[in-house]
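**Q** Starting from these lines, generate the structure:
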Amino acid sequence: MTATDPAAQSTNSVLMIRPHRFYPNPETAADNTFQRPAEGDPDALSDAARKEFDVAVATLRNAGVSVQVLDDTTNPEKPDAVFPNNWISTHHDGRIALFPMYSPLRRLERRHDIVEELRNRYRVTEVIDYSAFEKESCYLEGTGSLVLDHVNRIAYVSLSNRSNPKMIAHFAKDFGYEPVTFTSIGPDGHPIYHTNVMMCMGTRFALVGLDMIPNESEKKQVRARLEASGREIVELRPEQVANFAGNAIELDNGQGEKLLVLSVRAVATFNERERTVLKRYVRLVPLKLPTIELAGGSARCMIAEIYLRLL
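**A** Coordinates of the predicted model:
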């Protein structure tokens, strides 16, 4: 399947933003327990993040992925700009969604010049901008909040202060997805901040931290819907989720081969049985991201899929 196939789960084309000023965002530290404090010179931290980013892009391109790289702007400072999937998503029907963000610093990442860059290369039929909902403190942080089954039109969402039920309903109605909502709890006893750190949707498999869903009926529903979609479930343990094993993304190499992009840290958490299951469906593409992961996101967060048709 290609990105232009309306039934495609994965795409060959992605958007990535090269960071300018990178550091863990103090506005998101309270509810993102995946963040870690960064020590040392801020300039050195930003330089290290850029080097990791450049190697990641080269690795993806060598694997056959078409990567459109745009640079973060110098001003204003946007410490999480390397994670564009939270503010923008593209869709097979030519639409683009812009999302309301929890952190005021992160709202600065929404750049209309990037939307215009996409318009210059792809067929964009409409841009739906949900950012006004920030005034109501209603947030939905893109494909961080939404793990989308494009084939069966299901949106899996772990509820948190980044994923508001009102916004989920708006997105589901506008884009034609059935919402499956639940609450997943981290080791600290608080809700997982983004669905995509505990769940990854592949074409024929799903990674999911089912043990992190304490409500039995919600857990059964998630399992049942995944099984009904024909996907093999790889259940992630909490320690795997803590090491970004869920923050992975399936892409296509343009030749029909499926790739699972994730961090080296995440790959190390899979046992032999899990690796065997995954390798039935995908080729693993590990990325070294120790600096970028300090900000509480990993490989999947860095990648915004492009499902639009080329002009």
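**Q** And the longest helix seen in the chain, what does it pack against?
**A** Assignment by DSSP state H gives helix 42-62 as the longest helix of the chain. In terms of contacts (3 or more C-beta pairs under 8 Å, 6 or more residues apart in numbering; DSSP states H and E), helix 42-62 is packed against strand 13-18, strand 66-71, strand 283-287. Bear in mind the C-beta positions are built from the backbone N, C-alpha and C, glycine included.
**Q** The last one to helix 42-62, inter-axis angle?
**A** Direction vectors for strand 283-287 and helix 42-62, defined by axes from the mean of the first three to the mean of the last three C-alpha atoms, to 10 degrees, enclose an angle of 160 degrees.
**Q** Let me see the contact set for Val157.
**A** Going by C-beta atoms under 8 Å, 6 or more residues apart in numbering, Val157 touches 145-147, 163, 168, 179-182, 195.
**Q** Pull out the buried members of these.
**A** Buried residues within the contacts of Val157, counting neighbours by 16 or more other C-beta atoms under 10 Å: 145-147, 163, 168, 180-182, 195.
**Q** Out of these, list just those in helices.
**A** Using DSSP H, these in helices are 145, 168.
**Q** What is the nearest of the buried ones among the contacts of Val157 to Arg110?
**A** Arg110 lies nearest to Ser145 out of those, by C-beta to C-beta, at 15.2 Å.
**Q** Adding distance to His91, write the contacts of Val157 out as CSV.
**A** Conversion of those to CSV gives the following (distance: C-beta to C-beta, whole Å):
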residue, distance to His91
Ser145, 15
Leu146, 11
Val147, 15
Ser163, 19
Ile168, 16
Pro179, 16
Val180, 19
Thr181, 20
Phe182, 23
Thr195, 18
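**Q** picking that back up, compare the helices and strands packed on helix 42-62 and give me the one nearest Asn243.
**A** That would be strand 283-287 among these, by C-beta to C-beta, at 12.5 Å.
**Q** Now the closest one - C-alpha only, PDB.
**A** Output of strand 283-287 as PDB, limited to C-alpha atoms (Å, rounded to 0.1, in the frame of the first residue of the first chain):
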ATOM      1  CA  ARG A 283      11.700  -4.700   9.700                       C
ATOM      2  CA  LEU A 284      12.900  -2.900  12.800                       C
ATOM      3  CA  VAL A 285      14.600   0.500  12.200                       C
ATOM      4  CA  PRO A 286      16.200   1.700  15.500                       C
ATOM      5  CA  LEU A 287      17.100   5.300  16.100                       C
END
